[in-house]
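A.B. asks: need a 3D model of the following:
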Amino acid sequence: MQSFALGNRNVEVYLQSKPSKYIGGRQTFVPVGNVLGGGTSVNVMQYTRASASDYNDWNIEGWKFKDLEPLFKKAPLRDPCLTV
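C.D. replies: All right, here's what the predicted structure looks like:
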């Protein structure tokens, strides 16, 4: 379920970040609430999965990418076109 505020141009303003060397000089959008309560009225939850090599480099039993991949596949995806 999408929140009322997220993506609603009447209550949300999108700002651009400064270019970041950590993401190849790209800029990202920064949603800012334009309502009473500001950004806290436009909350969203997201997570980003690390690359397989990150998990494998931890060298912790049970935390290899192959161990976690079934859990990643069970996690809900907002966009059904995305794949693991």
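
A.B. asks: domains of the chain?
C.D. replies: Using automatic domain parsing, the domains assigned to the chain come out as 1-45, 48-76.

A.B. asks: what ranges do the helices span in the chain?
C.D. replies: Along the chain, the stretches classed as helices by DSSP state H are 52-57, 65-74.

A.B. asks: got TSV for the ones you listed, with distance to Ser17, mean neighbour count and mean pLDDT too?
C.D. replies: Where you see a C-beta, it was placed from the backbone N, CA and C, and this is true even at glycine. Shown next, in TSV, are the helices of the chain (distance: least, C-beta to C-beta, whole Å; neighbours: other C-beta atoms under 10 Å; pLDDT from 0 to 100):
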stretch	distance to Ser17	mean neighbour count	mean pLDDT
helix 52-57	23	13	94
helix 65-74	27	12	90
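
A.B. asks: so Tyr14 touches Val30, yeah?
C.D. replies: Yes. In this structure, Tyr14 is within contact of Val30 by C-beta atoms under 8 Å, at 7.0 Å.

A.B. asks: which residues outside stretch 49-64 are in contact with it?
C.D. replies: Contact partners of stretch 49-64, identified using C-beta atoms under 8 Å, 6 or more residues apart in numbering, comprise Phe65, Leu68, Phe72.
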